[in-house]
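> Just need the structure, nothing else, for what follows:
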Amino acid sequence: MSPSRFERLAASLRSSDLSAVALNPGPALYHLSGLRFHLMERPVVLLIPAHGEPALVLPEFEMPKVDSFPFKVQAFPYGEDPSEWNGAFHRAVGSLGLDGQRIGVESRQMRLLEFHYVKSGAPQAEFPDASETLAALRLSKDESEISAMRRAVRIAEQALTDTIPSIRIGMTERELASELSMQLLKNGSEPDLPFAPIVAAGPNSANPHTSPSERKLQAGDLLVVDWGATHDGYISDLTRTFAIGNVDEECRKIHRIVQEANAAVCAAAKPGLPAAHVDRAAREGIERSGYGEFFNHRTGHGIGMEAHEEPYIRGDNPQILEAGMAFTVEPGIYLPRRNGVRIEDNVVITENGAEILSSMSRELQVIG
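Numbering: from 1, shown residues only. Have a look, this model is predicted:
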């Protein structure tokens, strides 16, 4: 891991109104250090100041990791006795002189457990949300990150390819999700999947974020499979829609419309455009076909170390796309209590356009 990520964060802090940031185990800490810490009952916090050497509070048995940091850190270990933990945090915060300062935290990541320990060491400090500052560091992916995402896509595509022969009328959504999860691991995904696979058929496919149920696959169902893999900490997030046996003409129609919308977005994505423009490219064809009200979510979201991160591809987002930004393209049409379609690919903005990382067929494949 390059120390430049740490240097970039320190420089960003120096140009902001933050004296430091406090990170607990999660994507930002991994992105900066290349090291994994468990989010558990024993708190781990890395305090990164605008000036000076970071301080790391961690359990004693995790100390061997300190030598692997790509930048120097002061370690403040504690033992198994919880009565010692507060003292370690007081010493760490005190070493950086942070009491009374502004210590940024990630509002979606920092738990009350870690927050209370940091605050006990700096009772006069303010704790503003530093999510935007930290997200900016991960917004544009370098070639090593994109390479890991390409591999995560290949693993996911092969896993579904190996799962398709097992799909049959009468199997439940949960059975199919279990088989797909197993194939993801067999094909090389890290055990920490980006999310549990979504397998939804028939009426359930009209719910974009449903969970696999005991419903059995039936002839005439559209089957939506939303899945992903993890490689070197980076993820893929894909969706394909299948036909179980013969489906009616409207099912085929909405699949065709969504497939065309997906292609339109991939063609429109390029640097210099606002995210809202890309979202518009997905909606125009769907609305023109009379199904606009049934496309009820944003066109995509950023991906990288998390399944949902910036940039968000939605109609009110003016954020300008830049080379290295990676996100999903996932238009859909959902007919309540009937059937739904979603086709999702992963793209990375390049200097001149966009690279489509996923290549699995987007055609409506009939199974059974």
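> Name the SS class of Ala264, please.
Using DSSP: H, G, I helix; E, B strand; the rest coil, the structure places Ala264 in helix.
> Please tell me I have it right and it contacts Arg283.
No. In this structure, Ala264 is not within contact of Arg283 by CB atoms under 8 Å, at 9.5 Å. C-beta: built from backbone N, CA, C; applies to glycine.
> With neighbour numbers in mind, choose between those two.
A count of neighbours by other CB atoms under 10 Å puts Ala264 above the other of Ala264 and Arg283, at 20 against 17.
> List the residues that contact that one.
Contact analysis of Ala264 by CB atoms under 8 Å, 6 or more residues apart in numbering lists Ala281, Ala282, Glu284, Gly285.
> okay if I get these as JSON lines plus pLDDT?
Output for the contacts of Ala264, formatted as JSON lines (pLDDT from 0 to 100):
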{"residue": "Ala281", "pLDDT": "96"}
{"residue": "Ala282", "pLDDT": "96"}
{"residue": "Glu284", "pLDDT": "96"}
{"residue": "Gly285", "pLDDT": "95"}
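> Now flag whichever of the residues you listed is closest to Gly104.
Proximity of the contacts of Ala264 to Gly104 was ranked by CB to CB; the top entry is Ala282 with 34.3 Å.
> Thought Thr328 was touching that closest one, still the case?
No. Under the criterion of CB under 8 Å, Ala282 is not in contact with Thr328, lying 11.2 Å apart.
> Neighbour count for those two, which is higher?
Remark: of Ala282 and Thr328, Ala282 carries more neighbours, 28 against 24, as counted by other CB under 10 Å.
> Secondary structure element holding that one?
Per DSSP states H and E: Ala282 is located in helix 275-288.
> Show me what that helix is packed up against.
Where contact means 3 or more CB pairs under 8 Å, 6 or more residues apart in numbering; DSSP states H and E, helix 275-288 is packed against helix 249-268, strand 309-313.
> how deep is Glu293 tucked in, by neighbour count?
As a burial measure, Glu293 scores 10 neighbours (other CB under 10 Å).
> That one should be in a helix, yeah?
Yes. Counting by three-state DSSP, Glu293 is located in a helix.
> give me phi/psi at the closest residue in space to Lys65 that isn't next to it in sequence?
Of all residues not flanking Lys65 in the chain, Leu35 sits nearest, at 5.4 Å (CB to CB, 6 or more residues apart in numbering). Dihedral pair for Leu35: phi -120, psi 140, per degrees, to the nearest 10.
> Leu35 and Ala263: what is the separation?
Look at Leu35 and Ala263: by CB to CB, to the nearest Å, they are 40 Å apart.
> now Val348
Taking CB to CB as the measure, Val348 falls 17 Å from Ala263.
> which SS state does the residue nearest the centre of the chain fall under?
Centroid-nearest residue in the chain, with CA atoms, centre = their mean: Ala307, separated by 1.6 Å. Assigned by three-state DSSP, the conformation of Ala307 is coil.
> do the same with Glu214
Three-state call for Glu214 (three-state DSSP): coil.
> same deal with Thr239?
Strictly by three-state DSSP, Thr239 counts as strand.
> tally of neighbours for it?
If we define neighbours as other CB under 10 Å, then Thr239 has 23 of them.
> For it, list each beta-bridge partner.
Following DSSP bridges, Thr239 is listed with bridge partners Asp226, Glu344.
> Now do it against Gly170, distance only.
Going from Thr239 to Gly170 by CB to CB gives 23 Å.
> cool, Leu58 as well?
Going from Leu58 to Gly170 by CB to CB gives 51 Å.
> And for Ala55?
Distance of Ala55 to Gly170, computed by CB to CB: 58 Å.
> repeat for Asp221
Note on Asp221: its distance to Gly170, by CB to CB, is 11 Å.
> which residues does Leu134 contact?
Leu134 is in contact with Leu9, Val21, Leu23, Ala28, Gly104, Glu106, counting by CB under 8 Å, 6+ apart.
> Could you count how many residues lie near the last one?
Residues within reach of Glu106, counting by other CB under 10 Å, total 21.
> how far away is it from Leu47?
Separation of Glu106 from Leu47 (CB to CB): 13 Å.
> joint contacts of the two?
Common contacts of Glu106 and Leu47 (CB under 8 Å, 6+ apart): Leu23.
> Tell me the predicted confidence for the residue lying farthest from the centre of the chain.
The C-alpha centroid of the chain is most remote from Ser83, which lies 36.0 Å away (CA atoms, centre = their mean). Per-residue confidence (pLDDT) for Ser83: 96.
> quick one: it from Ser95, how far?
The gap separating Ser83 from Ser95 is 21 Å, by CB to CB.
> got it, and Val57?
Taking CB to CB, one finds Val57 at 11 Å from Ser95.
> So for those two, which sits in the more crowded spot?
For Val57 versus Ser95, the count of surrounding residues by other CB under 10 Å is larger for Val57: 28 against 16.
> picking up where we left off before, more neighbours, Leu35 and Ala263?
Using other CB under 10 Å as the criterion, Leu35 and Ala263 rank with Ala263 on top: 19 against 16.
> Tell me the spacing between the more buried one and Arg288.
Taken as CB to CB, the span from Ala263 to Arg288 is 15 Å.
> what does Ala88 give?
Using CB to CB, Ala88 is found at 61 Å from Arg288.
> Looking at the two, which is more packed in?
Ranked by neighbour count (other CB under 10 Å), Ala88 and Arg288 place Ala88 first, with 23 against 10.
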